[in-house]
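Enquirer: This is the structure alone, sequence omitted:
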């Protein structure tokens, strides 16, 4: 088992099976078309972001009692060893919704304005930070919690927590969407027909006072929480942040696209964005009494990240995100002075690390993908912070090679491994075929988890005459990945732990 797959403590969160198997989003099923396969543009000189306008901030009051923190995550981390604490807050205020002025253009240069409607809200905010304010780095990662399973899940936290805690970063999880608070019918294809109670129904003693009125207010709620965090106060334990980074994975990445394109130009609330495993569209704006659905036109219409954001955006996509279900190939875009795209070969939308100790509970016909994608995500969050803080952009990543045509697909070598893209050591020095493609006739859910298929013994013998030869090549690949900037030096041991010398005979 890789070294960093053994967190300091794990437990079974309420509703673990649903969250473990469904925490990552299914996207639109539209046919892949019209993708760009051009070389990334050379970045231009950076520019200073526009001034940040004032606006209402959420009131944060500590939340206690009941059964304790309710978070539907397959991986639960014991924070006591590294000196972190966890506190939960009610975030309250009056939020507005937004409406677009004109069409939502493909280039993402959207113009939003506040709608006439406003509503009071009381939602949940979870903060994990160093217990000692002197250990706080000044960087806060604010995650739009993922609700694809019908319950809140802290996906980016358990992809990056080792690096956040090494660095002293504060993590904030926001229950932005209605279903993550109130429960209701799950509107993602992966969990269609399911209904959840939300934390308010599961633990009324703790969460009974919460009220998220509708998804149309989610973007302003997210902004108001960010303003409260930036101001310091009780949730920050006496420290004042320097940089606020917004992050979202899968369905929450759709939300990031909408926020970047339409809300950030109005609020300037964030200093940078991590978009992780987005689909081809954006989270829709919805009207009174509505919840967002990923079958909505906005979620299925190809939408780029606007090129004039004023703040850095780093988009991490897996091989499995390009086609299969999410079809992000439709919105592949060139790098610019404020945008970077990293495509990770041999990676799936979700993998064994995302499923944690419950990976064996899923039967997808073949073992699910076991790529070290989370190590690339940790490098991404640190690269984004460096970009924001020092103006130094992340390295430019090669794109995964694609075969063009009516139905573009990932190009593969003779072993079936994707060509191009960011190459992790298990992909460049393989004993398995790591792929974002699932088993044939996989279920709708299993399409997200890719596959791990062993190379034939004869092929392994042909590639590596001895264990030493294999380990030398693998170690060199690890160091090459770190040198290229797609993994952190602190994760060298974790990458080395993915080696499988016992497979060499």
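Expert: It's in. Every value quoted in this text rests on a predicted model; they were computed, and no experiment measured them. Numbers count the residues shown, from 1 in each chain.
Enquirer: Could you find the closest non-adjacent residue to residue 169?
Expert: residue 139 (4.7 Å; CB to CB, 6 or more residues apart in numbering). From N, CA and C alone the C-beta is placed, and that goes for glycine too.
Enquirer: ok, the one you found - contacts?
Expert: 167, 169-170, 241-243, 245, 385, 389 (CB atoms under 8 Å, 6 or more residues apart in numbering).
Enquirer: what's the longest strand in this protein?
Expert: Counting residues, the longest strand found in the chain (DSSP state E) is strand 112-130.
Enquirer: What average pLDDT does that strand get?
Expert: Averaged across strand 112-130, the pLDDT comes to 95.
Enquirer: Stretch 330-339 now?
Expert: Throughout stretch 330-339, pLDDT has a mean value of 96.
Enquirer: just stretch 374-382 next, same as before
Expert: pLDDT averaged over stretch 374-382 gives 98.
Enquirer: ok, residues contacting it?
Expert: 4, 141, 156, 158-160, 162-164, 167, 245, 247, 274, 276, 314, 316, 342, 344, 347, 353-354, 394, 422, 424, 485-488, 491, 494-495.
Enquirer: what separates that stretch from the chain centre, distance-wise?
Expert: In terms of CA atoms, centre = their mean, to the nearest Å, the centre of stretch 374-382 is set 10 Å apart from its chain centre.
Enquirer: now residue 376: how far from residue 220?
Expert: Distance, residue 376 to residue 220, by CB to CB, to the nearest Å: 32 Å.
Enquirer: And for residue 336?
Expert: Distance, residue 336 to residue 220, by CB to CB: 28 Å.
Enquirer: The two: which has the busier surroundings?
Expert: residue 220 (27 against 19; other CB atoms under 10 Å).
Enquirer: thought that one was touching residue 98?
Expert: Yes: between residue 220 and residue 98 there is a contact at 7.4 Å, judged by CB atoms under 8 Å.
Enquirer: Overlap in contacts, those two.
Expert: With CB under 8 Å, 6+ apart, residue 220 and residue 98 have common neighbours 114, 263.
Enquirer: so what pLDDT did the residue nearest to residue 268 when sequence neighbours are not counted get?
Expert: In this structure, residue 268 finds its nearest non-sequential neighbour in residue 52, 4.2 Å apart by CB to CB, 6+ apart. Looking at residue 52, its pLDDT is 88.
Enquirer: And the one 4 residues further on, by the same measure?
Expert: At residue 56 the predicted local confidence, pLDDT, stands at 97.
Enquirer: tally of neighbours for it?
Expert: Other residues near residue 56 number 14, with proximity taken as other CB under 10 Å.
Enquirer: sorry, back to before: for the residue nearest to residue 169, phi and psi?
Expert: For residue 139, the backbone dihedrals (degrees, to the nearest 10) come out as phi -100, psi 130.
Enquirer: which residues does it form a beta bridge with?
Expert: Listed by DSSP bridges, the beta-bridge partners for residue 139 are residue 243.
Enquirer: what separates it from residue 285, distance-wise?
Expert: 30 Å.
Enquirer: same thing with residue 225?
Expert: Counting by CB to CB, the gap from residue 225 to residue 285 is 19 Å.
Enquirer: These two: who's more crowded?
Expert: Just comparing residue 225 and residue 285: by other CB under 10 Å the higher neighbour count belongs to residue 225, 27 against 24.
Enquirer: quick one: average confidence on the helix or strand hosting the more buried one?
Expert: In the assignment (DSSP states H and E), residue 225 maps to helix 218-230. The average pLDDT for helix 218-230 rounds to 98.
Enquirer: ok, residue 297 - contacts?
Expert: By CB under 8 Å, 6+ apart, the neighbours of residue 297 are residue 284.
Enquirer: Number the chain from 10, please
Expert: Okay, using 10 as the starting number, the last item reads as residue 306.
Enquirer: What does the pLDDT read for it?
Expert: 75.
Enquirer: Got the phi and psi for it?
Expert: Main-chain dihedrals, residue 306, degrees, to the nearest 10: phi -60, psi -40.
Enquirer: do residue 348 as well
Expert: phi -140, psi 140.
Enquirer: Verify the stated contact: residue 438 with residue 488.
Expert: No: using CB under 8 Å, residue 438 makes no contact with residue 488, being 11.9 Å away.
Enquirer: Just want to know which of the two has more residues nearby.
Expert: Shown here are residue 438 and residue 488; by other CB under 10 Å, residue 438 has more neighbours (22 against 16).
Enquirer: what residues are up against that one?
Expert: Counting by CB under 8 Å, 6+ apart, residue 438 touches 479, 482-483, 486, 508.
Enquirer: Please produce TSV containing these, extended by pLDDT and secondary structure.
Expert: Output for those, formatted as TSV (pLDDT from 0 to 100; DSSP: H, G, I helix; E, B strand; the rest coil):
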residue	pLDDT	secondary structure
479	98	helix
482	98	helix
483	98	helix
486	98	helix
508	98	coil
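Enquirer: could you point out where the stretch 60-209 of the chain is predicted with low confidence?
Expert: 196-202 (pLDDT under 70).
Enquirer: and stretch 103-123, how far out from the chain's middle?
Expert: Its chain's average C-alpha position is 23 Å from that of stretch 103-123, according to CA atoms, centre = their mean.
Enquirer: What is the end-to-end distance of that stretch?
Expert: One end of stretch 103-123 to the other measures 13 Å (CA to CA, to the nearest Å).
Enquirer: What residues of that stretch count as buried?
Expert: 104-107, 113, 117, 119, 121 (16 or more other CB atoms under 10 Å).
Enquirer: same thing with stretch 300-316?
Expert: Buried residues in stretch 300-316, counted by 16+ other CB under 10 Å: 300-303, 305, 307-316.
Enquirer: What of stretch 69-83?
Expert: 69, 72, 78-83.
Enquirer: With distance to residue 372 and secondary structure as new columns, can those be given to me in JSON lines?
Expert: Listed next are the buried residues of stretch 69-83 as JSON lines, based on distance: CB to CB, whole Å; DSSP: H, G, I helix; E, B strand; the rest coil:
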{"residue": "69", "distance to residue 372": "43", "secondary structure": "strand"}
{"residue": "72", "distance to residue 372": "38", "secondary structure": "coil"}
{"residue": "78", "distance to residue 372": "30", "secondary structure": "coil"}
{"residue": "79", "distance to residue 372": "28", "secondary structure": "coil"}
{"residue": "80", "distance to residue 372": "26", "secondary structure": "coil"}
{"residue": "81", "distance to residue 372": "21", "secondary structure": "coil"}
{"residue": "82", "distance to residue 372": "21", "secondary structure": "coil"}
{"residue": "83", "distance to residue 372": "16", "secondary structure": "coil"}
